[in-house]
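1. got a sequence here, can you model it:
(one chain, ligands or ions: 1)
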Amino acid sequence: MMQRHLQGIGMTSQRTRDRMIKRLIEQGITDERVLNVMRTTPRHIFMDEALASRAYEDTALPIGYNQTISQPYIVAKMTELLLENRESLGNVLEIGTGCGYQTAILAQVVGDVYSVERILPLQKKAKTHTELLKLKNIRYTHSDGGWGWADYAPYEGILVAAAPNEVPEALLEQLAIGGVMIIPVGEQDGDQILQRITRTESHFQIEELEPVIFVPFLAGKE
Ligand code: SAH
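-> Modelled structure (predicted):
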C-alpha cells in the first residue's frame, strides 16, 4: 500500500514524472544530477491528497499557512545554479523548508542539508515527507532564517526559498569562501530577481539571473 502511494498511479505515476522532466529539459534544465533526482522523487507525497493529482504541473500550489510549494522549474533551476561548475557540494543551508520538496531534492545531490522554517506545522510535515523517502542527511530547525543557522556554518551552499528586500547579513556571514548562495531578492508584488552570490577571499560577487515570484521572507516565527 505504502509502496503504491510512493510510486503513484495515474496523474502521480512515473509516466507523469517523466513528462515533467521532458518539460524541464525544454525549459533549459541540463544538469543530469538534478533531472535524475527529480525524475525519481515522488512530488505528490509532499502535498495534500486533494492536490496530489496536480503535483506535476508546472505551477506553485498551496501547502497551507498561506505558503506554496515552489514550481518544478524553479526547484530545478535553483538546484542547478547551486551545483553549476561543481562536482559536489558539502553542506547546504536551506531557508524556507515549506513542504520539504526542495529539501528532498537537495539532500540527494549534496552532502548534508540544514533546513530552516519559521512555521512549525510546515516543518513537521516536511520532516514526515522526507522520512517517508528515507532521507537521512537532513536536519531541521524551527527558526527565523534571517539569522541563518550558525551552528553548522560556514556553508558551501545556501538556497533561499522566500524573497527578502535585501540579502540578510547573517546569510552572507555564514557563506563559506568559495561558497554560493541562490536567493530571490526584491519587494513583494514588485520586481524580484534571482541572484547568485559567490563569496571570494575578498568580496561577494553578485550575478542577477532572472525575474521570479516568491512568497515574502518574513521575520520571527509562528
Ligand atoms: N521550497 C519550499 C518553498 C515554500 S514557500 C517548498 O517548495 O515547499 C517559502 C517558505 O519560506 C514558506 O514555508 C515560509 O514559511 C518560509 N519562510 C519565509 N520567511 C522565512 C524566514 N525568515 N525563515 C524561515 N522560513 C521562512
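2. am I right that residue 182 sits in a strand?
-> Yes. Looking at residue 182 with DSSP: H, G, I helix; E, B strand; the rest coil, it is inside a strand.
3. just give the number of residues close to it.
-> Per other C-beta atoms under 10 Å, the neighbour tally for residue 182 reads 23. From N, CA and C alone the C-beta is placed, and that goes for glycine too.
4. near the ligand, which residues of the protein?
-> Within the chain, the positions near the ligand by C-beta under 6 Å from any ligand atom are 63, 67-70, 95-96, 98-99, 101-102, 116-119, 122, 144-146, 161-162, 215, 217-218.
5. among those residues, which ones are in strands?
-> Applying DSSP state E to the residues of the chain next to the ligand, the entries found in strands are 63, 67, 68, 69, 95, 116, 117.
6. list just the nearest of these to residue 211.
-> Closest to residue 211 out of those is residue 68 (17.2 Å), distances taken as C-beta to C-beta.
7. list the contacts for the residue positioned nearest the centre of the chain?
-> What sits nearest the mean C-alpha location of the chain, by C-alpha atoms, centre = their mean, is residue 102, with 3.3 Å. Residue 102 makes contacts with 70, 75, 78, 79, 94, 159, 161, as judged by C-beta atoms under 8 Å, 6 or more residues apart in numbering.
8. please enumerate the helices of the chain.
-> Under the criterion DSSP state H, the chain contains helices at 2-7, 14-26, 32-40, 72-83, 101-107, 120-132, 169-173.
9. looking at those helices, which one is packed in the most?
-> helix 101-107 (a mean of 25; mean count of other C-beta atoms under 10 Å).
10. which of the helices of the chain sits closest to residue 207?
-> Comparing the helices of the chain by C-beta to C-beta, helix 72-83 comes nearest, at 9.0 Å.
11. packing partners for that closest one?
-> Packing partners of helix 72-83 (3 or more C-beta pairs under 8 Å, 6 or more residues apart in numbering; DSSP states H and E): helix 14-26, helix 32-40, helix 101-107, strand 155-160, strand 175-186, strand 192-199, strand 204-212.
12. so can I have JSON lines of those showing distance to residue 5?
-> Below are these laid out as JSON lines (distance: least, C-beta to C-beta, whole Å):
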{"stretch": "helix 14-26", "distance to residue 5": "14"}
{"stretch": "helix 32-40", "distance to residue 5": "15"}
{"stretch": "helix 101-107", "distance to residue 5": "15"}
{"stretch": "strand 155-160", "distance to residue 5": "28"}
{"stretch": "strand 175-186", "distance to residue 5": "31"}
{"stretch": "strand 192-199", "distance to residue 5": "33"}
{"stretch": "strand 204-212", "distance to residue 5": "32"}
